[in-house]
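In: Here is the input, now give the coordinates:
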Amino acid sequence: MSDSEHLALLGRRTMASDDRPNLSIVRLLCLTSFMMATGLVLSTYGMITLALESYRLTPDYANLTLSALLALAGVSQLVCPLAGYVSDRAGTRVPFIAGGAGGLALGLAAQWAVRGLDGPGAALLYGAAFFGSMLSLNVAYTAATSLVPDLVPERQTGAANGLAVFLQVLGSCGGFMYYFVVDDLARLYALYVGSVVVFASITLAAAADASPLRSSPRGERNPLKGGAVLPPAPAREPWSWADIAKCYYVSPADPAARDFFFVWISRTLYYTGGSVQAFLVYFVRDRLDDDGPTRIDRFLAPYVSTADPARATCAIALAGYAAGVVAAVPAGMLSDWTGRKPMVVVACCLMSASMVGLGFATTASQVIIMGLIGGLGNGCYQAVDLALAVDTIPDLEESARYLGIWGVGAFVGVCLGPVIGSGSA
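Out: Numbers count the residues shown, from 1 in each chain. Okay, the predicted model is just below:
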């Protein structure tokens with residue numbers, strides 16, 4: 001396909017997407033509500049739960065155990081393209097969201113139960129339950145994010161992604177606030193299971209009348225409505241191993257996929273840098289000065305100190321995610337008018353400044369300020385992250401497959417970051 005043909009295809013796709021009616025804010029919130037559960041689980045998992053569990057299971061090798069668990073989380077994301085490919089061919093997202101959320105809830109409950117065991121076997125059982133949870137989460141997440149290109153008109157993509165990020169960040173804030181108040185890891189697992197069941201159910205209810213999905217000749221997704229009579233979808237070719245292999249590869253030499261490839265690169269680098277935040281508990285424990293000179297430091301002393309590094313990490317994360325909540329929805333909506341690139345540039349500058357500043361921060365006020373700056377950048381970036389991917393999908397008939405490939409960028413980053421960071425943690 002030539003560049004001119006690719007541009008013509010994008011133009012036709014935009015026009016086709018604009019034919020779909022706008023969705024209400026309530027419908028968008030319901031469709032994206034599963035993001036609240038994923039935000040709650042993944043944020044506290046990465047910065048609190050896994051760090052504490054690694055120290056409990058292997059106190060002498062906590063850094064290596066944490067790196068291994070993060071690597072398992074990364075490897076689990078390899079299921080995303082395959083899950084996307086299968087759900088595209090199935091023509092429905094609902095079973096994948098329901099099955100993935102159910103498996104995630106069971107895996108979290110198993111980790112909760114394993115906490116009562118001791119010895120080397122406990123670490124292996126915990127790792128197995130954790131890996132199963134992550135596989136299930138990635139299946140559900142791939143299907144849930146595919147609801148946006150399936151059902152949301154292109155002119156609302158930025159707004160939908162902004163709402164999804166708002167819910168994801170709100171869930172993260174809720175998780176950190178909950179642990180900050182109860183300071184009990186066992187009760188945090190209970191919150192995990194409950195949130196997955198509740199918010200997955202809301203998303204499933206909102207998506208129920210959009211399943212199964214059919215592809216029109218123009219390539220956009222058209223949901224079947226209750227009672228509507230539509231012509232049968234064209235028969236798909238039988239699956240092949242070659243098709244599955246393509247689920248894990250996008251060529252930058254293909255003009256239709258070039259923009260999507262660079263979006264994938266940016267997501268990979270984002271997760272490479274962000275994944276080292278899993279060591280923030282150890283950073284606070286080893287680097288923080290409890291005797292800061294300012295009034296703000298003295299005010300923060302009961303909440304941000306080396307006496308309880310996990311609780312201090314909660315406070316830092318809360319500052320960041322609160323800033324992200326403020327930034328996410330306006331950034332998403334603004335990107336529909338200005339384009340996605342300006343938001344990416346602003347976000348990367350803020351996040352880079354935060355990471356560099358955190359390396360020099362030693363007092364409570366300094367780490368909170370760096371958390372606020374990083375949170376603003378993170379909110380801006382995540383507000384356009386999915387929107388960028390949706391904008392650049394080469395073929396909307398295979399939206400879940402491409403969003404699965406997009407998810408593999410997180411796998412590469414999550415694997416690279418801990419390997420780089422574990423030696424200095």
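In: C-alpha only now, for contacts and for neighbours.
Out: Noted.
In: quick one, strands of the protein?
Out: With strands called from DSSP state E, the chain shows them at 213-215, 221-223.
In: average model confidence for the first one?
Out: Per-region confidence: strand 213-215 scores 42 on mean pLDDT.
In: again with stretch 76-86
Out: Averaging pLDDT along stretch 76-86 gives 84.
In: ditto for stretch 415-424
Out: 65.
In: do the same with stretch 56-73
Out: Rounded to a whole number, the mean pLDDT of stretch 56-73 is 83.
In: And stretch 292-310, by the same measure?
Out: 87.
In: And that stretch, end to end?
Out: End-to-end distance for stretch 292-310, by C-alpha to C-alpha, to the nearest Å: 19 Å.
In: again, but for stretch 30-39
Out: Stretch 30-39 end-to-end distance (C-alpha to C-alpha) = 15 Å.
In: so where's the stretch 201-350 of the chain uncertain?
Out: For the stretch 201-350 of the chain, the stretches with pLDDT under 70 are 209-239.
In: Please repeat the previous calculation with a cut-off of 90.
Out: Applying pLDDT under 90 to the stretch 201-350 of the chain flags the ranges 206-295, 297-348.
In: Spell out, range by range, the helices that occur in it.
Out: Assignment of helices within the stretch 201-350 of the chain using DSSP state H, counting those that start in this stretch yields the ranges 241-246, 258-274, 280-287, 295-300, 309-338, 341-360.
In: what's the answer for the stretch 51-200 of the chain, then?
Out: Taking DSSP H, counting those that start in this stretch, the helices of the stretch 51-200 of the chain run over residues 62-76, 79-90, 94-114, 120-145, 147-151, 157-182, 185-207.
In: and the second one with helix 120-145, angle?
Out: If you take axes from the mean of the first three to the mean of the last three C-alpha atoms, to 10 degrees, helix 79-90 sits at 40 degrees to helix 120-145.
In: Which residues does helix 79-90 contact?
Out: The contact list for helix 79-90 (C-alpha atoms under 8 Å, 6 or more residues apart in numbering) reads 93, 96, 135, 138-139, 142-143, 212, 236, 244, 247-248, 397-405, 407-408.
In: Among those, the buried ones, what's the PyMOL command?
Out: The following PyMOL line selects those of the contacts of helix 79-90 that are buried, judged by 16 or more other C-alpha atoms under 10 Å:
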select buried, resi 93+96+135+138+139+142+143+212+247+248+397+398+399+400+401+402+403+404+405+407+408
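In: Compute the distance between residue 408 and residue 340, please.
Out: 21 Å.
In: Format the CA atom coordinates belonging to stretch 272-286 as PDB.
Out: Only the C-alpha atoms of stretch 272-286 are listed here, as PDB (Å, rounded to 0.1, in the frame of the first residue of the first chain):
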ATOM      1  CA  THR A 272      10.700   0.900  30.800                       C
ATOM      2  CA  GLY A 273      11.000   4.200  32.800                       C
ATOM      3  CA  GLY A 274       7.800   3.800  34.800                       C
ATOM      4  CA  SER A 275       8.400   0.200  35.900                       C
ATOM      5  CA  VAL A 276      11.400   1.100  38.100                       C
ATOM      6  CA  GLN A 277       8.900   2.800  40.500                       C
ATOM      7  CA  ALA A 278       8.300  -0.600  41.900                       C
ATOM      8  CA  PHE A 279      11.500  -0.100  43.900                       C
ATOM      9  CA  LEU A 280      10.200   3.200  45.400                       C
ATOM     10  CA  VAL A 281       9.500   1.400  48.800                       C
ATOM     11  CA  TYR A 282      13.200   0.600  49.000                       C
ATOM     12  CA  PHE A 283      14.200   4.100  47.800                       C
ATOM     13  CA  VAL A 284      12.200   5.600  50.600                       C
ATOM     14  CA  ARG A 285      13.600   3.200  53.200                       C
ATOM     15  CA  ASP A 286      17.300   3.800  52.200                       C
END
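In: how far is it from where the chain is centred?
Out: Centre-to-centre, stretch 272-286 and its host chain are 18 Å apart (C-alpha atoms, centre = their mean, to the nearest Å).
In: What residues sit buried inside it?
Out: Within stretch 272-286, the residues that qualify as buried are 272-285, counting by 16+ other C-alpha under 10 Å.
In: Nearest to residue 168, out of those: which one, please.
Out: Residue 168 has its nearest neighbour among the buried residues of stretch 272-286 in residue 274, at 15.8 Å by C-alpha to C-alpha.
In: show me the contacts for that closest one.
Out: Counted by C-alpha under 8 Å, 6+ apart, residue 274 has contacts residue 417.
In: that older thread, with distance to residue 357 as extra columns, can I get the buried residues of stretch 272-286 in TSV?
Out: Formatted as TSV, the buried residues of stretch 272-286 follow (distance: C-alpha to C-alpha, whole Å):
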residue	distance to residue 357
272	18
273	14
274	14
275	17
276	15
277	14
278	17
279	16
280	14
281	17
282	17
283	13
284	14
285	18
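In: From these, pick the one nearest residue 177.
Out: Among these, residue 281 lies closest to residue 177 (C-alpha to C-alpha), at 16.0 Å.
In: could you list every residue that touches the closest one?
Out: By C-alpha under 8 Å, 6+ apart, residue 281 lies in contact with 47, 48, 51, 309, 310, 312, 313.
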